[in-house]
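Enquirer: A predicted structure for the sequence below; I have some questions about it.
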Amino acid sequence: MLFNNDFQTDKFVTSDNISINYTYGGRGEPLLLLHGYPQTHVMWSKVANELSREYFVICPDLRGYGDSSKPVGLEDHSNYSKKVMANDMIELIHYLGYDEFYIAGHDRGARVTHRVCLDFPHMIKKAAVLDIAPTFHMFLNSDMNFSTGYYHWFFLIQESDLPETLIGNNAEYYLKEKLKRWSAPEMAFDEDAVKEYIRCFDKEMIHATCEDYRASATIDMTDDAITRDKKITMPLLVLWGEKGFINKSYNVLEVWKDYAKEVRGKTLNCGHFLAEESPNEVVEEFRKFFT
């Protein structure tokens, strides 16, 4: 069992008929935790179990991931834009009866978190992003180092159904290789969590996650350009892995200071998957920041 007995799982249907699967539990102020690629909400289980002592923790599957709806992508990929995915989360929070909350996201979930902060600043008390630089900055500063280290960004955005077919030929291998290549060499993932990732990584999720990346390279870039001069106004915590690509490639805090007004952060002794590689450190940093 990944989540402790304080947690339950339920479904919520958005205004555009997307079913969002989410696990929730604990007590206190609401804290929304958004997962990354190619994972599901269970990546947060170790962190959520600890933080549920002080917060009402909500761990959803983003649209296109896990046990949430996986609609076929539209021609312009707009149904996987970060604006739309952010709105899913706002509708979920309203459904749960809250007008203000804390939010943290890792990887793709951090990109949704960034958009939530820009579009719904009146609802966010504090925010945290894990192991990313802003999408707009990364694409506009693309070079050989970036395209080599983050080759999947350019692979997954290829027209359907090239990446879907190639990944689907051995989806389990592809997923496990992603976990292995992006984590620190000594990392051993929870077997039950990996089984969940593999179970969910079916044909529909493979297509949906490609659409997530296609949206980032198209409609999200347009949206980001429109709001480029708009900075995150609430306090922002940035955490990233010392052994990962982001740390090797960017002056992370300096980059984020160009996108947010009040930024603090640090590296953790791990690779890309902070919540699974260094859960105790993530819990400690979240407690200090969100309190």
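Expert: Looks like it arrived, so ask away.
Enquirer: what about the host helix or strand of residue 281, distance to the chain center?
Expert: Using DSSP states H and E, residue 281 sits within helix 279-290. The chain centre lies 17 Å from the centre of helix 279-290; the measure is CA atoms, centre = their mean, to the nearest Å.
Enquirer: measure the nearest residue to residue 49 once chain neighbours are set aside to residue 23 for me?
Expert: Nearest residue to residue 49, sequence neighbours excluded (CB to CB, 6 or more residues apart in numbering): residue 4, at 4.8 Å. All C-beta atoms are positioned from the backbone trio N, CA, C, and that covers glycine. Distance, residue 4 to residue 23, using CB to CB, to the nearest Å: 11 Å.
Enquirer: just want to know which of the two has more residues nearby.
Expert: Neighbour count, other CB atoms under 10 Å: between residue 4 and residue 23, residue 23 has more, with 23 against 13.
Enquirer: tell me if I'm right that the more buried one and residue 9 touch.
Expert: Yes: counting by CB atoms under 8 Å, residue 23 does reach residue 9; the two are 4.7 Å apart.
Enquirer: what segments of this structure are strands?
Expert: For the chain, applying DSSP state E gives strands covering 7-13, 19-26, 29-34, 55-60, 101-106, 124-130, 236-241, 263-268.
Enquirer: touching, the residue nearest to residue 49 and residue 53? I think so.
Expert: No: Residue 4 is beyond contact range of residue 53, at 10.2 Å (criterion: CB under 8 Å).
Enquirer: next up, the contacts around the nearest residue to residue 107 once chain neighbours are set aside.
Expert: Leaving aside its chain neighbours, residue 107 sits nearest to residue 36 (2.3 Å; criterion: CB to CB, 6+ apart). By CB atoms under 8 Å, 6 or more residues apart in numbering, the contact list for residue 36 reads 43, 105-110, 130.
Enquirer: dump the residue contacts of residue 140.
Expert: No contacts exist for residue 140 under CB under 8 Å, 6+ apart.
Enquirer: need the pLDDT of it.
Expert: Looking at residue 140, its pLDDT is 95.
Enquirer: how near is it to residue 285?
Expert: Distance of residue 140 to residue 285, computed by CB to CB: 29 Å.
Enquirer: ok, now residue 130?
Expert: Counting by CB to CB - residue 130 and residue 285 are separated by 10 Å.
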